[in-house]
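Novice: 3D model of this:
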Amino acid sequence: MDREGSRARRSDLVVEVLSPNPRIGQTEERVEWFGDYGVRECWLVHQHRRDLTVIDLATKDQSVFAARERIKSLVLPEFSETLDEILANGFASDRGERGAS
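Specialist: I've put the predicted structure just below:
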């Protein structure tokens, strides 16, 4: 149950694409909030730096992946794309693809 007593389903992963000039709150505050609500892992995409930070919200461990490094995730252990591949190809939903039936 969450703080309000709800049995809402929680996300395991949050992906946030950071703006070079954020306007709403601080990134650290949002990441802490994600952890408070049961999110297991947070990916912060730094487009201007061309890298991605993966944060394990249980341990607060962080790993930074350069644009051409294979991303390692505890939540998606079989995931093997790079940030460059994701940004060049888009996500499956952006290409009109569906998950396996």
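Novice: Could you check which helix or strand contains Glu85?
Specialist: helix 83-89 (DSSP states H and E).
Novice: Restrict that helix to CA atoms and write it as CSV.
Specialist: Only the C-alpha atoms of helix 83-89 are listed here, as CSV (Å, rounded to 0.1, in the frame of the first residue of the first chain):
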residue,chain,number,x,y,z
LEU,A,83,21.5,5.3,-25.8
ASP,A,84,22.5,6.1,-29.4
GLU,A,85,20.4,3.1,-30.7
ILE,A,86,17.4,4.2,-28.6
LEU,A,87,17.6,7.8,-29.8
ALA,A,88,18.2,6.9,-33.4
ASN,A,89,15.5,4.2,-33.6
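Novice: Show me which positions of that helix end up buried.
Specialist: 83, 86-87 (16 or more other Cβ atoms under 10 Å). All C-beta atoms are positioned from the backbone trio N, CA, C, and that covers glycine.
Novice: Where do the strands of this structure begin and end?
Specialist: 13-18, 41-46, 51-56, 62-66 (DSSP state E).
Novice: Give me the angle between the shortest one and strand 41-46.
Specialist: Computed by axes from the mean of the first three to the mean of the last three Cα atoms, to 10 degrees, the angle separating strand 62-66 from strand 41-46 equals 40 degrees.
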